[in-house]
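Engineer: this one's structure only:
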């Protein structure tokens, strides 16, 4: 046993210098990658864009050079550098984490390292600090050179503050990504006796929760007829996965916080407070991973090297969790790829779930113990895990939790939102909002709202939401269509002859007074309820902004003949009269019957073209978007204007059209 005096003779700096001698190749590799994807890529980007600008603008190159420089700076600071540096940090952390502690994979090397008269804690610290130096020093040099190149090219155009701010946040974001992945990798290595097992543990610890989330969402979608989404999304749980949370948040910090405080990156979490909550949780998980790794390293025995995974509690948890996930995934996949009788399909789901559960359980045991004989060693645990997997499947397939039958009492509804468009008249234009400063120009509504899942939803009163939840609705089971009454819980088979009117899907989100969220999707059968929803104040303008005139006048209107595009352009002096007539007709006739009208004795198709621009694009970044407006025989004002223009010959011939031709749709006309 080494004395405290002999341990003190070897300093931490001396250990770090000795360790770096054996890891110079990592430092060289890190420097090479950082320089290639940092300053070299930046220089090539500016040269390429300036060359393109000169090629396109010729003599006007100097006048348009500023635009090319602006595009290059925005491209580097808002997308390329944040994403690339975060990616390099994650991959680099995996390499240095495994390479730094590689002696744990060889018993002789472990004995040799442990024979050095220093504590295990000092050994761990030495390698840990060198991991940061191997990545951070090249990253710092690369960032300085990259910033210097961008300043030379763009400082004279006023971009110096943005470039310097971006460089600072790229360093911070990359450091977060590196730390999250490094701590996870060290933990995986401390649990492993081979490199393969270390990589496998990185995948298990890093991605199991994300995989479980997707499987849960898939099972809900397959098994529940009223499923409309979970109250949580990937940004809400990404901090559970170090590779995803580190890289994702690192890129967001690199690009998001370098600009407007309330930017789209932070809005992807819903609110700024949610962003900071996820960030703090991610940092806490990274710290916990480091503490666990340090504890396991200092207590690790030499015999654990070359033995796969010796930690029995960890092995049990990993094989249990992944076996259940494999069984559930197999059951969900079978439902997607096989088109057989639904009752027979359920039997096959149970069979495949059991088989894949046993297969993954045995394979994990084989890999962790490095012995093929271990496949059925824990056969009793196999039986238990298969039983758990089947029980979970039964719960989902037969809805033992009552997911589809659950409703919220009217008194417990704080706010309610719905997202629905009667299909016959379509939802044309619902994804856009009018630019108040420019006629004929639209903004992308979903771009403006970032990743807000509620952007397209319409707020309705609590009594209307309760009416929707308790209305008679349709669902399919075992190949039969059923009519379900939520109030008495009864369901009955509904033959095709009983379906004499249109049914509609309504997605509803309810914020309960208790603080939780309730999401469902209903195929409503009750016509009176649908009529009540359609007649709600503001529903028309929100659901059909194009038809109701909320998007303003189009830049051009064409009338097509039996689906033939761009036959006749409406004269400019008559265009507003025609569009005003369509708005008056829509508002005058607006009703459930009118929205469901598919076949008409007289019908025209008006192709209304708008300019669309991204709210964050340049002033000249427009493209043309066409919204098709079908005119029925009830639209008497519109027909009168068309007849005044002598366009009677452009009526639709109902005999030559399919039912689908009467749907409204939109398409991109060009960029």
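Structural biologist: That came through fine. Keep in mind that this is a model prediction, so the values were computed, not measured.

Engineer: residues contacting the residue nearest in space to the middle of the chain?
Structural biologist: The geometric centre of the chain, computed from its C-alpha atoms, lies nearest to residue 234 (CA atoms, centre = their mean), at 6.3 Å. Going by CB atoms under 8 Å, 6 or more residues apart in numbering, residue 234 touches 210, 213. Just so you know, the C-beta spots here come from the backbone N, C-alpha and C atoms, and that holds for glycine as well.

Engineer: just use 707 as the starting number from now, easier for me
Structural biologist: Sounds good: first residue 707 from here, last item residue 940.

Engineer: now do it against residue 954, distance only.
Structural biologist: Here the distance between residue 940 and residue 954 works out to 9 Å (CB to CB, to the nearest Å).

Engineer: ditto for residue 898
Structural biologist: For residue 898, the distance to residue 954 equals 26 Å [CB to CB].

Engineer: helix or strand next in line after the longest helix anywhere in the chain, which one?
Structural biologist: For the chain, the longest helix by residue count, based on DSSP state H, is helix 826-860. Beyond helix 826-860 in the direction of the C-terminus, DSSP states H and E gives the next helix or strand as helix 866-896.

Engineer: what's that next one packed up against?
Structural biologist: The helices and strands touching helix 866-896, judged by 3 or more CB pairs under 8 Å, 6 or more residues apart in numbering; DSSP states H and E, are helix 787-806, helix 826-860, helix 901-929, helix 948-962, helix 978-1005.

Engineer: distance from the helix or strand immediately after the first one in the chain to the middle of the chain?
Structural biologist: Per DSSP H and E, the first helix or strand lying C-terminal to helix 787-806 is helix 813-820. Here the centre of helix 813-820 is set off from its chain's centre by 45 Å, with CA atoms, centre = their mean, to the nearest Å.

Engineer: okay, the angle between helix 813-820 and helix 826-860?
Structural biologist: Per axes from the mean of the first three to the mean of the last three CA atoms, to 10 degrees, the angle that helix 813-820 makes with helix 826-860 is 90 degrees.

Engineer: in terms of helices and strands, where is the residue nearest to residue 1262 when sequence neighbours are not counted?
Structural biologist: Excluding the flanking residues, the one nearest residue 1262 by CB to CB, 6 or more residues apart in numbering is residue 1315, at 4.7 Å. With elements delineated by DSSP H and E, residue 1315 resides in strand 1310-1319, which encompasses its position.

Engineer: and the helix or strand following that strand, average pLDDT?
Structural biologist: Under the assignment DSSP H and E, the closest C-terminal helix or strand after strand 1310-1319 is strand 1328-1337. If you average the pLDDT over strand 1328-1337, you get 83.

Engineer: before we move on, back to that, if you count what's nearby, which of residue 898 and residue 954 comes out ahead?
Structural biologist: In this view residue 898 and residue 954 are compared by other CB atoms under 10 Å, and residue 898 has more residues nearby, 28 against 25.

Engineer: is that one in contact with residue 904, as I believe?
Structural biologist: Yes. The criterion here is CB atoms under 8 Å, and residue 898 meets it with residue 904 at 4.0 Å.

Engineer: let me know the pLDDT of the spatially closest residue to residue 884 that is not a sequence neighbour.
Structural biologist: For residue 884, ignoring the flanking residues on the chain, the nearest one in space by CB to CB, 6+ apart is residue 795 at 4.0 Å. If you check residue 795, the pLDDT there is 92.

Engineer: got the contact list for residue 795?
Structural biologist: For residue 795, the contacting residues are 841, 845, 880, 881, 883, 884, 887, 952, 953, 956, by CB under 8 Å, 6+ apart.

Engineer: go with 6 Å
Structural biologist: 880, 883, 884 (CB atoms under 6 Å, 6 or more residues apart in numbering).

Engineer: please apply the same query to residue 860.
Structural biologist: Taking CB under 6 Å, 6+ apart, we find residue 860 in contact with 775, 779.

Engineer: what's the distance between it and residue 872?
Structural biologist: Counting by CB to CB, the gap from residue 860 to residue 872 is 11 Å.

Engineer: quick check: angle from the longest helix of the chain to helix 978-1005?
Structural biologist: Orientation check (the same axes, to 10 degrees): helix 826-860 against helix 978-1005 gives 140 degrees.

Engineer: where does the stretch 1107-1256 of the chain have low pLDDT?
Structural biologist: Along the stretch 1107-1256 of the chain, the parts satisfying pLDDT under 70 run over 1127, 1129-1136, 1151-1159, 1203-1206.

Engineer: domain map for the chain?
Structural biologist: The record, using automatic domain parsing to delimit domains, assigns the chain the ranges 710-1016, 1019-1103, 1116-1241, 1262-1376.

Engineer: roughly how far out does the third one sit from the chain middle?
Structural biologist: Read that as domain 1116-1241. A distance of 23 Å separates the centroid of the chain from that of domain 1116-1241, by CA atoms, centre = their mean.

Engineer: what do you get for the shortest one?
Structural biologist: With CA atoms, centre = their mean as the basis, domain 1019-1103 stands 28 Å off its chain's centre.

Engineer: and that domain, average pLDDT?
Structural biologist: In the prediction, domain 1019-1103 has an average pLDDT of 86.

Engineer: now do the end-to-end distance for it.
Structural biologist: Distances were taken as CA to CA, to the nearest Å; on that basis the terminal residues of domain 1019-1103 are 31 Å apart.

Engineer: ramachandran coordinates for residue 737?
Structural biologist: Backbone torsions for residue 737, taken as degrees, to the nearest 10, come to phi -60, psi -40.

Engineer: relative to residue 743, how far out is the nearest residue to it once chain neighbours are set aside?
Structural biologist: Spatially, and ignoring its direct neighbours in sequence, residue 737 is nearest to residue 844 (4.1 Å; CB to CB, 6+ apart). For residue 844, the distance to residue 743 under the criterion CB to CB works out to 11 Å.

Engineer: what is the neighbour count of residue 1241?
Structural biologist: Once other CB under 10 Å is used to define contacts, residue 1241 is seen to have 12 neighbours.

Engineer: try residue 1247
Structural biologist: By the criterion of other CB under 10 Å, residue 1247 has 14 neighbours.

Engineer: do the same with residue 844
Structural biologist: Residue 844 has 22 neighbouring residues, counting by other CB under 10 Å.

Engineer: that one and residue 817: what is the separation?
Structural biologist: With the distance defined as CB to CB, residue 844 ends up 33 Å from residue 817.

Engineer: for residue 1097, same thing?
Structural biologist: In this structure, residue 1097 and residue 817 are 47 Å apart, going by CB to CB.

Engineer: with residue 953 instead?
Structural biologist: According to CB to CB, residue 953 and residue 817 sit 37 Å apart.

Engineer: give me the more crowded residue out of these two.
Structural biologist: In terms of neighbours (other CB under 10 Å), residue 953 is the more surrounded of residue 953 and residue 817; the figures are 25 against 12.

Engineer: show me what contacts the more buried one?
Structural biologist: With contacts taken as CB under 6 Å, 6+ apart, residue 953 has the following neighbours: 792, 796, 883.

Engineer: and those residues, which is closest to residue 1142?
Structural biologist: Distance to residue 1142, by CB to CB, is smallest for residue 792 among these, at 37.5 Å.

Engineer: ok, the closest one - contacts?
Structural biologist: Taking CB under 6 Å, 6+ apart as the test, what residue 792 contacts is 880, 883, 953, 956, 957.

Engineer: put together CSV for these, with distance to residue 802 and pLDDT on each row.
Structural biologist: Putting the contacts of residue 792 into CSV (distance: CB to CB, whole Å; pLDDT from 0 to 100) gives the following:
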residue, distance to residue 802, pLDDT
880, 14, 90
883, 13, 91
953, 16, 82
956, 16, 83
957, 20, 81
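
Engineer: out of those, which comes closest to residue 1083?
Structural biologist: Closest to residue 1083 out of these is residue 953 (37.6 Å), distances taken as CB to CB.

Engineer: from residue 792, how far off is that closest one?
Structural biologist: Using CB to CB, we find residue 953 at a distance of 5 Å from residue 792.
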